[in-house]
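> Provide a 3D model corresponding to the input given below.
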Amino acid sequence: MSTVFNFTFVPWFRSVAPYIHTHRGKTFVVGIAGEAIAAGKLQHIAQDLALIQSMGVKIVLVHGFRPQVNDQLKAKGHTPKYSHGMRITDEVALDSAQEAAGQLRYEIEAAFSQGLPNTPMAGSTVRVISGNFLTARPVGILDGVDFKHSGMVRKVDTAAIGRVLDFGAMVLLSPFGFSPTGEAFNLTMEEVATSVAIAMQADKLIFLTEIPGIRIHHDQPESEDNPIDTELPLAAAEKLLAGLPNGERPTDTAFYLQHCVKACKAGVERSHILPFAVDGALLLEIYVHDGIGTMVIDEKLEELREATGDDVGGILQLIEPFENDGTLVKRSRTEIERDAANYSIIEHDGVIFACAALYPYPEAKTAEMAALTVSPQSQGQGDGEKILKRIEQRARAAGLQSIFVLTTRTMHWFIKRGFAQVDPDWLPEARKRKYNWDRKSQVLVKKLS
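Just a heads-up that it's a prediction; the model follows:
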């Protein structure tokens, strides 16, 4: 049993390590829907946030309280009123919101104080600091609707929040703000989280919500045939949003998406929509390559570029398993360091997921593509084709007429992509001298038009 555990744990932990390094010192704003707390998820969410913070991430936590306020109103015999996706906050609703916020802050602080043995919180000390970090203004009257005590964020005290985060504490914000005259305004969790993320220029804005993310076919029902769109470039998200009705309810596709788009356009590079129903959703999104929800990105996370000396370690780590099982010919670190400029790589969040090297033979107007490797984690996602196209571009730019590969295992992959098998005698003289006749590699050539 322990041997099996070792085989699964060690590779898993190693695959997580690059993300731990990448996120250390970064600032995340996490918005938790009040529904998550009503569904009894607070304990596990607090444990996961404590774990993330222990790995060096600075966290601003914003809680929602929609269902809790509605419960308070119901107890007082009042019906909740909404318009434009916001609560109309009369005197009774303002009282209910203040009561709900006080209760929730107490529950959240208690959850972060439970250093129970045999839980992820064991031995942890998480200081949670709340305060009047937000200045608000009234929503006023929209389309003839008076929103009364409902407000919008006017200003975020980024300096004070920054000092608390640098002190090593977690900042907890309720969706409340105060005017310069001391008047209280009921805000929305989504707007507070987005405003704080923009003002702080946070590295991530994360919503833990009732929905699992944005479906690829957003107008079709949830099913296995309609998976979550895990990565949504900003331009695609904006286009999608333009064709949607106003998101006035949390279950509307546009409801959280509009805030993610707003944050991304204002400089927050990554915004996430995650399902609180999945245990460990935060950990899965932050520390696993594909994540679990939808991430709206302001840049193409995947960078296709030529390698530098700094990439040698990542290239070695990528190709080593394929050298060990005989798919690739072994290359020494010295050789890769010497030839680093020959390599093209695909890097994703600081991790190299694919590579290939180009070795020209100008006298024969050809070049060898060597060490084409795609990480098992991203196979089937087109990274092999992207690297191949890059190598072809580099060869054309050098005035070459063809590229060739030597392979013992992946012949069919190359044939499908326009390569044709030739006799090893076809090889340029300099390459033929290094050909390993014992290995019996197939030689495949692709003409570059």
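
> so what's Q43 up against?
Taking C-beta atoms under 8 Å, 6 or more residues apart in numbering, we find Q43 in contact with A111, Q114. The C-beta positions use only the backbone N, C-alpha and C, and glycine is treated the same way.

> quick check: L51 touching G280?
No. Applying C-beta atoms under 8 Å as the test, L51 and G280 come out as separate, 9.7 Å apart.

> so what sits against both of those two?
With C-beta under 8 Å, 6+ apart, L51 and G280 have no common neighbours.

> how is R105 assigned, secondary-structure-wise?
Classification of R105 by DSSP: H, G, I helix; E, B strand; the rest coil places it in helix.

> meant to ask about W437, not that
When classified by three-state DSSP, W437 comes out as coil.

> mind listing what it touches?
When contacts are counted by C-beta under 8 Å, 6+ apart, W437 is found next to P424.

> compute the distance between it and S174, please.
Distance of W437 to S174, given as C-beta to C-beta, to the nearest Å: 73 Å.

> same check on L208?
For L208, the distance to S174 (C-beta to C-beta) stands at 16 Å.

> so which of these two has more stuff around it?
Under the criterion of other C-beta atoms under 10 Å, the comparison of L208 against S174 puts L208 first, with 28 against 23.

> correct me, but E238 touches K262?
No. At 10.3 Å, E238 does not count as touching K262 under the criterion of C-beta under 8 Å.

> more neighbours: those two, which one.
Using other C-beta under 10 Å, the more surrounded residue of E238 and K262 is K262, with 19 against 16.

> hang on, that one in a helix?
Yes. Assessed by three-state DSSP, K262 belongs to a helix.

> from what I can see A364 touches V445, true?
No. Assessed by C-beta under 8 Å, A364 is found out of contact with V445, at 11.0 Å.

> contacting residues around K155?
Neighbour list for K155: L134, T135 [criterion: C-beta under 8 Å, 6+ apart].

> let me know the secondary structure of it.
With three-state DSSP as the criterion, K155 reads strand.

> report pLDDT for it.
K155 is assigned 95 on the pLDDT scale.

> can you name the residues bridging to it?
Beta-bridge partners recorded for K155 (DSSP bridges): T135.

> okay, which residue is most central for this protein?
Closest residue to the average C-alpha location of the chain: M295 at 5.5 Å, with C-alpha atoms, centre = their mean.

> please compute how far the strand or helix carrying that residue lies from its chain's middle.
Using DSSP states H and E, the element containing M295 is strand 294-297. Between the centre of strand 294-297 and the centre of its chain there are 7 Å (C-alpha atoms, centre = their mean, to the nearest Å).

> from the rest of the structure, what touches that strand?
213-214, 228-234, 237, 257, 260-261, 264, 269-273, 285.

> give the buried residues for it.
Neighbour counts over strand 294-297 (16 or more other C-beta atoms under 10 Å) mark T294, M295, V296, I297 as buried.

> lowest-confidence one in those residues?
Checking pLDDT across the buried residues of strand 294-297, the minimum falls on I297 at 87.

> who is that residue paired with across the strands?
Going by DSSP bridges, I297 forms beta bridges with P233, R270.

> if I look at it, how far off is P360?
Taken as C-beta to C-beta, the spacing of I297 relative to P360 amounts to 35 Å.

> E392 now?
In terms of C-beta to C-beta, E392 sits 13 Å off from P360.
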